[in-house]
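Q: sequence and predicted model, in that order:
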Amino acid sequence: MSTPGEPSDIPAADDNRLRRIESVTDAALAHLDVEDLLGELLDRVRELLEVDTATVLLLDSSRQQLVATSARGIEAVVRQGIRVPMGKGFAGRVASEKRPVIIERVDGTNVLHSILREHGICSLLGVPLLISGTVIGVLHVGTLVPRQFSDDDVSLLQIVADRVAFATQSRRVEVDRAAAAVLQRSLLPARLPVVPGLELAARYIPAEMGGVSGDWYDVFTLPSGWLCIVIGDVVGRGLHAADVMGRLRSVLRAYALLGGDPTEVLGRLDQQVQHFDPGMMATVLLAMFEPSFERLHLSSAGHPPPVLALPGRPAILLDVPSDHPVGVPGGLRRRGTTINLPPGALLCFYTDGLVESRDTSLDVGLDRLCASVVAGPVESVCAEVMARLVGGDPPGDDVAMLAVRRQDSGEIGPLDLVVPALPWSLRDIRFAVRRWLAAVDAAPRAVADLLVAVGEACTNAVEHAYGPGGGTVTVHLELQLPDVLATVRDTGRWRPPRGENRGRGTMFMRNCSDDLRIDHGPTGTNVVIRRRLGKETPQ
Amino acid sequence: MTGATVGASAENGSMHITLSGEIDLANAVAVEDEIREALSNQPEMVSVDLTDLTYLDSAGVRILFALASRLQALRIVLEIIVPLDSPTRRLIELSGFESLAALKPGSR
């Protein structure tokens, strides 16, 4: 094989060894993606070592089992998803002992799966895939005729194994990072809900290095009219933290739907994590707003307290007792706090990445945060906080923040709803009307009256306006102080009510409003209801 | 979907029905069916407790009228438990239902 000009003092054996090493460390392989690289390396190994089979098994995420991932000459191990427990069989032994293992004569005692014997494999050589001393898998080769593997064979296979380990690991990290980022992005609310009476804004900034963590926030309403705000932080980073975060988010929503105050909801979440995700830990703050938004109930599972800014006053840290994080066994009874939220007040929820960094202590961060928060428009508050606390530096940890402000009744715009003229819409209409009336501070009697008056007008549209083709109902509520003006409109052709006891709706509408106008026109029916906002009884 | 719960219990010849949640056009027929299934022709008296009802309109009041006329035919006494000053009571009073059955304020 030697050609003129090559150093002639390299003995043939060494020359051969070098050629073999070059073959598997070939830089040209670097541009291949991991699957192709593994396949190519296994092909080359088979040729160089003159073996019949070559197999890569990788340790699964539980670190309990080796899973056949890539194979040449014995592809069935991958197709059948062959798994070998740590410490068991041939591959399990290589992994647990972290050193090369040779079997000269395969029999029923030294391999776990009959597939190797059925395939006719006589001799095996396996080496561990190691990343900084930690096993991530096993590479083994086999021959169909008895073979004595030499030290050179072992060394060469270990070089290939190192290359396989490195490529696999870097791809895993890359995949985890990408998946975690996608997961995290898909789990954060793409758009915050529009809630009449509240202004909401949020920011989420992933850490520059080290992949995403498990920070999250969530805003959702309950059928009872309560509004929940959640902010939390799963301890850990990467795909696993993002995955746990996703589950916590869904589970917390489900538990909130079951009812109960924040301490009960967090208690259930805690039980859930301890049972299904032992070893995981998360800090969570849950705030539940009463339907009128006048008061909110909070409980904190080890999460930093929110900042409260009242109009014209400096912002303060809310005094919310911090209980044990969820996932920590043996905690004491959770404590809840109730605070009043006057019109114009603003609350700022955040994760520790906002106030804690490499060169700023927690106290300094919290002071800075309080100094940046005012009872103003939420978007400007978020912008100000980000500018003053994050600035232009790459954040070392994920940063999540959510600002919520209770609007003044004077700031509330009209309510506009367009819903299908179907019985199922009635509940949604009531929900929205109730919330809007709470936001404009309507008296309880006015709320009850307007719910019935608007409800009856919508029921009429649902029952009498449209044929089988259906249509929509439009509801518009606006303040014309001291009155509320409600308009319910359909575009159907009215027909007189049918059935027994059905004329009562109009009578209720009339009695529940101060003034009522019903116009049946060729293009639809228009019902205009006027009712005082205050406590006076209509006559 | 509008949600209402119908509870029923019987003691000493009287039947007690509890309605809670909301009743409107969407669930009125279902609620009426549930009440009908819960009742037999055995009791001498039926009381319907509306204390925990958070919304009622003409669709729900219609159920009460239908129930009242059915029970009248069976010679079963009907009473409605509904708190004073509640929106529900106001609508029932407006509808003239008191001519068919007694309204009681209940224990709460």
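A: That came in fine, so what should we check first?
Q: run through the stretch 301-450 of chain A and note the low-pLDDT ranges.
A: A:358 (pLDDT under 70).
Q: how about the residues of it near chain B?
A: A:423-424, A:426-427, A:430, A:445, A:448-449 (Cβ under 8 Å from any Cβ of the partner chain). Quick note: C-beta positions are derived from backbone N, CA and C, even for glycine.
Q: host element of the nearest residue to A:S322 once chain neighbours are set aside?
A: Spatially, and ignoring its direct neighbours in sequence, A:S322 is nearest to A:S300 (5.0 Å; Cβ to Cβ, 6 or more residues apart in numbering or on different chains). In this assignment (DSSP states H and E), A:S300 forms part of strand A:295-301.
Q: parallel or antiparallel, list what pairs with that strand.
A: Counting by DSSP bridges, the strands paired with strand A:295-301 are strand A:282-289 (antiparallel), strand A:322-323 (parallel), strand A:337-340 (antiparallel).
Q: which residues touch it?
A: Identification of contacts with strand A:295-301 by Cβ atoms under 8 Å, 6 or more residues apart in numbering or on different chains yields A:261-263, A:265-266, A:269-270, A:282-290, A:306, A:318, A:320-326, A:334-341, A:347.
Q: following that strand in sequence, what is the next regular element?
A: Strand A:295-301 is succeeded, C-terminally, by strand A:307-309 (DSSP H and E).
Q: run me through the strand neighbours of the next helix or strand after that following strand, direction for each.
A: Once the chain leaves strand A:307-309, the next helix or strand it forms, by DSSP H and E, is strand A:316-317. Next to strand A:316-317 in the sheet, as set by DSSP bridges, lie strand A:307-309 (antiparallel).
Q: can stretch A:254-264 be said to contact chain B?
A: No. Stretch A:254-264 does not reach chain B (Cβ under 8 Å from any Cβ); its nearest approach is 12.3 Å.
Q: do you know how far A:V473 is from chain B?
A: 12 Å (Cβ to the nearest Cβ, to the nearest Å).
Q: tell me where chain B has strands.
A: For chain B, the strands defined by DSSP state E cover B:4-11, B:14-23, B:45-49, B:53-56, B:77-81, B:102-104.
Q: determine which stretch of these is the most buried.
A: Comparing these by mean neighbour count (mean count of other Cβ atoms under 10 Å in any protein chain shown), strand B:53-56 ranks first with a mean of 22.
Q: related to what we said a few turns ago, pull out the buried residues from the contacts of strand A:295-301.
A: A:261-263, A:265-266, A:269-270, A:282-290, A:306, A:318, A:320, A:323-326, A:334, A:336-337, A:339, A:341, A:347 (16 or more other Cβ atoms under 10 Å in any protein chain shown).
Q: low-confidence ranges, chain A, go.
A: Chain A contains residues with pLDDT under 70 at A:1-15, A:17-18, A:27-28, A:208-212, A:358, A:496-502, A:535-539.
Q: again, only using 50
A: Applying pLDDT under 50 to chain A flags residues A:1-8, A:536-539.
Q: could you pick out the longest helix of it?
A: The longest helix of chain A (DSSP state H) is helix A:151-187.
Q: so which bits of that helix are buried?
A: Here helix A:151-187 shows A:153-154, A:156-158, A:160-165, A:167-169, A:172, A:176-177, A:179-181, A:183-184, A:187 as buried, counting by 16+ other Cβ under 10 Å.
Q: so how far is the very next helix or strand once past that helix from its chain's centroid?
A: On the C-terminal side of helix A:151-187, the closest following helix or strand by DSSP H and E is strand A:198-205. Put simply, strand A:198-205 sits 16 Å off its chain's centre (Cα atoms, centre = their mean, to the nearest Å).
Q: so what does strand A:198-205 touch, helix or strand wise?
A: strand A:213-221, helix A:378-385, strand A:399-406 (3 or more Cβ pairs under 8 Å, 6 or more residues apart in numbering or on different chains; DSSP states H and E).
Q: so which bits of the helix or strand hosting A:L417 are buried?
A: In this assignment (DSSP H and E), A:L417 forms part of strand A:415-420. Buried residues in strand A:415-420, counted by 16+ other Cβ under 10 Å: A:415, A:417, A:419.
Q: residues in contact with that strand?
A: With Cβ under 8 Å, 6+ apart, strand A:415-420 has contacts from A:196, A:425, A:428-429, A:432-433, A:436, A:470-478.
Q: closest to A:D514 out of the strands paired with strand A:295-301?
A: Set against A:D514 and scored by Cβ to Cβ, these come closest in strand A:282-289, at 30.5 Å.
Q: what's A:S132 in contact with, if anything?
A: By Cβ under 8 Å, 6+ apart, A:S132 has no neighbours at all.
Q: meant to ask about A:A315
A: A:307-309, A:346, A:348, A:369-371, A:373-375.
Q: pull the number of nearby residues for A:G39.
A: A:G39 has 16 neighbours, counted by other Cβ atoms under 10 Å in any protein chain shown.
Q: how about the contacts made by it?
A: A:70, A:72.
Q: what helix or strand is it on?
A: Counting by DSSP H and E, A:G39 is found in helix A:34-49.
Q: re the thing from before, can I get the residues of the stretch 301-450 of chain A next to chain B in a markdown table with distance to A:A201?
A: Shown next, in a markdown table, are those (distance: Cβ to Cβ, whole Å):
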| residue | distance to A:A201 |
| --- | --- |
| A:P423 | 36 |
| A:W424 | 32 |
| A:L426 | 32 |
| A:R427 | 29 |
| A:R430 | 28 |
| A:R445 | 35 |
| A:A448 | 33 |
| A:D449 | 35 |
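Q: could you identify the buried members of the residues you listed?
A: If we count by 16+ other Cβ under 10 Å, those have these buried: A:423, A:426-427, A:430, A:445, A:448-449.
Q: was I right to think A:I82 contacts A:I115?
A: Yes. Applying Cβ atoms under 8 Å, one finds A:I82 in contact with A:I115, separated by 6.5 Å.
Q: the more surrounded of the two?
A: Between A:I82 and A:I115, counted using other Cβ under 10 Å, the more crowded position is A:I82 (21 against 15).
Q: what distance do you get for that one to A:V164?
A: Look at A:I82 and A:V164: by Cβ to Cβ, to the nearest Å, they are 18 Å apart.
Q: give me the domain ranges for chain A.
A: For chain A, the structural domains run A:12-178, A:188-407, A:412-532, going by automatic domain parsing.
Q: make CSV out of the ones you listed and add distance to B:T54.
A: Listed next are those as CSV, based on distance: least, Cβ to Cβ, whole Å:
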stretch, distance to B:T54
domain A:12-178, 48
domain A:188-407, 9
domain A:412-532, 10
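Q: out of these, which gets nearest to B:S9?
A: Closest among those, using Cβ to Cβ: domain A:188-407, at 23.1 Å.
Q: leaving out the residues flanking it, which one is nearest to the residue nearest the centre of chain B?
A: By Cα atoms, centre = their mean, chain B has its centre lying nearest to B:V48, at 4.1 Å. Counting by Cβ to Cβ, 6+ apart, B:V48 lies nearest to B:I17, which is 4.7 Å off, once chain neighbours are set aside.
Q: quick check: that neighbour touching B:V46?
A: Yes. Counting by Cβ under 8 Å, B:I17 does reach B:V46; the two are 6.7 Å apart.
Q: ok, the nearest residue to A:L37 once chain neighbours are set aside to chain B distance?
A: Closest residue to A:L37 apart from its sequence neighbours, by Cβ to Cβ, 6+ apart: A:A167 at 5.3 Å. Distance of A:A167 to chain B, computed by Cβ to the nearest Cβ: 54 Å.
Q: surely A:A167 and A:E35 touch.
A: No. Contact between A:A167 and A:E35 fails when scored by Cβ under 8 Å: they sit 10.0 Å apart.
Q: overlap of the contact sets of those two?
A: Shared contacts of A:A167 and A:E35 (Cβ under 8 Å, 6+ apart): none.
Q: cool, thanks, talk later.
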